[in-house]
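Visitor: compute the structure for the input listed below.
(one chain, ligands or ions: 2)
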Amino acid sequence: MAQQAPTLSSPIAGARFAWLDRVAVPLQQGVYAVFRAGEVGRVAKNWLNGVPLRHRVHPALVAIPIGAWTTAAVLDVLDGVSSDDTYQAAADAAILLGIVGAVPTVAAGLADWVDTYDHQRRVGMAHALVNSTALALYGASLALRAGGNRTAGRALGGLAFGAVSLGGALGGELVYTLGIGVTFLLYPKPRDAYVDVLASDALVEGTPRVVEGTPRVVEDGRVPVLLLRHEGQVYAVEAWCPHVGGPLGDGAFEGLTVECPWHQSCFHLDDGRPLNGPASAPLRTFAVQERDGRILVRPSDEGKTWPPAPAPPRERHGRSTTTVEGETTMKGETTLPTTPTFSQDIRPLFRDKDVSSMLQAFDLSNYDSVKAHAEAIYGRVADGTMPCDVAWPPERVALLRAWIDQGCPR
Ligand code: HEM
Ligand code: FES
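Guide: Ligands and ions are numbered 1, 2, ... in the order given. The predicted structure is shown next:
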C-alpha cells in the first residue's frame with residue numbers, strides 16, 4: 001500500500017527527530033507532576049485547559065503574541081524605511097506586549113500538551129521549542145533596542161517573526177491535522193430518533209460498580225451510550241470521552257459523575273458538563289424515556305443540530321453485504337458464524353503486537369474497549385490501515401462487521 005501523503009509534521013516523525021522525545025518525555029513528566037501536585041495544580045490545569053469556560057484557552061490566547069508580534073514586524077519595516085523615530089516606541093511596545101501575552105499562552109499550551117502521546121507529543125514539543133526560541137529572540141531584540149542598537153534589534157525581530165510563523169504553522173498542524181483539542185464526538189452522529197436500547201430491569205439502581213449491571217454501555221445503532229440509573233432516574237450520555245475517545249464505561253463513577261480512565265477528565269452525567277480536564281467540551285447527552293419495561297434514548301437537542309453522519313463505509317463503497325436472519329455473507333466468500341462473539345471470534349483476530357501498538361487509542365484485548373471503538377476499528381481494518389503490516393482479508397473484515405451489526409455479543 002502507498003505511504004500516506006505527508007503533511008507539515010511528517011518529517012518530524014523520522015528518526016532524525018527522535019531527540020525531541022528525549023526532551024519531551026521528562027518535560028511532560030515534570031509538568032504532569034506539577035499539575036497533579038495538589039488541589040492548586042488541579043484547579044490551575046482546569047483553567048488552562050478551559051474546563052470552566054467549556055472552550056480551549058491556548059488557541060484563544062495565541063492571538064495576543066501572534067497579533068502583537070505581527071504588528072511589531074510591520075512597524076519595524078516602517079521604521080527601517082523611515083527617516084525619524086516615529087515608529088520605534090510603538091514597535092518596542094508591541095514586542096513587549098507579545099512577550100507578556102506569551103506567558104499565559106505557554107502555560108495553557110503546556111496544559112494541553114501534557115496529555116498527548118507519540119507523534120502528537122513530538123510535534124507539540126517541536127512547536128513549543130520553535131515558539132520558545134521566538135520568545136527568547138524577541139527578548140534579546142528588545143534588549144538590543146533598549147541599548148540603542150536598533151538595526152540588530154530589528155534583525156533579531158525578523159528572525160523571531162520567522163520562528164513564530166513556523167511555530168504557529170506547527171500549532172495549526174497540531175489542531176487541524178492531528179486533532180489535539182478537537183472534540184472527539186462529532187462523528188458518528190447518534191440516531192435522531194428514540195432507539196430502544198435496553199430492558200429497564202437490566203439497569204439496576206445503586207452505587208455504580210458495586211451492583212452488577214450498573215452502569216451499562218449500550219449501542220443506539222451508531223454510537224455507544226452510557227446508561228446509569230441514579231435515584232430512580234436513568235441518565236444517558238455518549239460513552240466516548242470527548243477528549244480523545246476514552247471508554248467512559250470503564251471509568252470511575254461517583255454519584256452522578258464519571259471519571260475517564262484515560263486522562264481523568266471528569267463529567268457530570270446530568271448535562272455532560274466537564275468538571276475536570278483535559279476535556280473542555282461537554283459530553284453528548286441523550287433524552288431518556290422508559291416505556292413498557294424498555295429504555296429508549298434519543299440525542300438531546302444539541303446533538304440533533306450537528307452535521308449528518310457520513311454513510312457507513314459499506315454503503316459508500318458498494319460492498320455487497322447481505323443480512324439474512326442474522327447471518328451475514330459476502331459474495332463469493334466463506335459463510336460467517338451465525339452469531340460471532342467477542343471471546344470466540346473477534347478477540348483471536350488481534351495479535352499481541354496489534355494490541356500493544358494500538359493501546360494509545362483502544363485496548364483490542366478488552367471487550368468494552370473494542371465495543372466502544374467498534375466503528376473506528378472497523379474503519380481502520382476495512383481501509384487497510386490496521387494492522388499496519390498486513391491488511392485483513394475481506395472475510396475477516398466481514399466477520400468484524402457482522403459482529404458489530406449484531407450488537408457486539410460478548
Ligand atoms: C508563544 C508561544 C506559542 C504560540 C504563539 C503558540 C501558537 C499556537 C497556535 C497558533 C496554535 C494553533 C491554534 C489553532 O489554530 O486553533 C497552537 C496550538 C497548540 N499549541 Fe501552541 N503556541 C505557543 C506555545 C506553546 C507551548 C509552549 C506549548 C506546549 C507544548 C504549546 C502547545 C500547543 C498545543 C498542544 C496546541 C494544540 C491545541 C491545544 O490543544 O491547545 N504551544 N499553538
Ligand atoms: S480520553 Fe483523555 S480524558 Fe478521556
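
Visitor: find the closest residue to ligand 1 in the stretch 1-150 of the chain.
Guide: Gly109 (2.4 Å; CB to the nearest ligand atom). Bear in mind the C-beta positions are built from the backbone N, C-alpha and C, glycine included.

Visitor: tell me which element that residue falls in.
Guide: With elements delineated by DSSP states H and E, Gly109 resides in helix 88-113, which encompasses its position.

Visitor: enumerate the residues of the stretch 51-200 of the chain near ligand 1.
Guide: Residues of the stretch 51-200 of the chain lying close to ligand 1 (CB under 6 Å from any ligand atom) are 56, 58-59, 62, 65-66, 102, 105-106, 109-110, 112-113, 124, 127-128, 131, 135, 164, 167-168, 171-172, 174-175, 180-181.

Visitor: for PyMOL, what selects the buried ones among those residues?
Guide: To isolate the buried ones among those in PyMOL, judged by 16 or more other CB atoms under 10 Å, type:
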select buried, resi 56+58+59+62+65+66+102+105+106+109+110+112+113+124+127+128+131+135+164+167+168+171+174+180+181
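
Visitor: separation between the residue of the stretch 1-150 of the chain closest to ligand 1 and ligand 2?
Guide: Distance of Gly109 to ligand 2, computed by CB to the nearest ligand atom, to the nearest Å: 17 Å.

Visitor: against Ala236, how distant is the closest residue to that residue other than its chain neighbours?
Guide: Closest residue to Gly109 in three dimensions, ignoring its sequence neighbours and counting by CB to CB, 6 or more residues apart in numbering: His58, at 4.8 Å. In this structure, His58 and Ala236 are 32 Å apart, going by CB to CB, to the nearest Å.

Visitor: picking that back up, thought the residue nearest to Gly109 was touching Val114?
Guide: No - with contact defined as CB atoms under 8 Å, His58 does not count as touching Val114 (11.7 Å).

Visitor: do you know how far the residue nearest to Gly109 is from Val370?
Guide: When CB to CB is the yardstick, His58 and Val370 sit 33 Å from each other.

Visitor: where does the residue in the stretch 301-410 of the chain positioned nearest to ligand 1 land in three-state SS?
Guide: Among all residues of the stretch 301-410 of the chain, Gln360 sits closest to ligand 1, at 15.9 Å; criterion: CB to the nearest ligand atom. Three states are possible here, and by DSSP: H, G, I helix; E, B strand; the rest coil the one that applies to Gln360 is coil.

Visitor: pretty sure it contacts Tyr117?
Guide: Yes - the pair Gln360 and Tyr117 passes the contact test of CB under 8 Å, sitting 5.1 Å apart.

Visitor: Leu129: how many residues sit nearby?
Guide: 16 (other CB atoms under 10 Å).

Visitor: I meant Pro242, not that one.
Guide: Residues contacting Pro242 under the criterion other CB under 10 Å number 24.

Visitor: name the SS class of it, please.
Guide: Going by three-state DSSP, the secondary structure assigned to Pro242 is coil.

Visitor: which stretches in the stretch 101-250 of the chain count as strands?
Guide: Applying DSSP state E, counting those that start in this stretch to the stretch 101-250 of the chain gives strands spanning 195-199, 216-219, 224-230, 233-238.

Visitor: looking at those strands, which has the lowest confidence?
Guide: Here the strands of the stretch 101-250 of the chain differ in mean pLDDT, and the lowest is strand 216-219 at a mean of 72.

Visitor: shaky segments in the stretch 101-250 of the chain?
Guide: Scanning the stretch 101-250 of the chain for pLDDT under 70 picks out 185-188, 204-215, 219-221.

Visitor: please redo it, this time with the cut-off set to 80
Guide: Per-residue confidence of the stretch 101-250 of the chain (counting by pLDDT under 80) places the weak regions at 183-193, 199, 201-223.

Visitor: show me which residues of it sit near ligand 2.
Guide: For the stretch 101-250 of the chain, the contact set with ligand 2 under CB under 6 Å from any ligand atom comprises 115, 241, 243-246.

Visitor: now with 8 Å, please.
Guide: Counting by CB under 8 Å from any ligand atom, the residues of the stretch 101-250 of the chain lying close to ligand 2 are 115, 184, 241-246, 248.

Visitor: any of those buried? List them.
Guide: Of all those considered here, the ones buried according to neighbour count by 16+ other CB under 10 Å are 115, 184, 241-246, 248.

Visitor: contacts only, for Tyr194.
Guide: For Tyr194, the set of contacting residues under the criterion of CB atoms under 8 Å, 6 or more residues apart in numbering consists of 287, 289, 296-298.

Visitor: can you rerun that using 10 Å?
Guide: Under the criterion of CB atoms under 10 Å, 6 or more residues apart in numbering, the neighbours of Tyr194 are 220, 286-289, 291, 295-299.

Visitor: what's the most distant pair in these?
Guide: Distances among those were taken as CB to CB; the most separated pair is Arg291 and Pro299, at 17.7 Å.

Visitor: higher neighbour count, the two?
Guide: In this comparison of Arg291 against Pro299, neighbours counted by other CB under 10 Å, the higher total goes to Pro299 at 26 against 10.

Visitor: please name the nearest non-neighbouring residue to that one.
Guide: Pro190 (4.5 Å).
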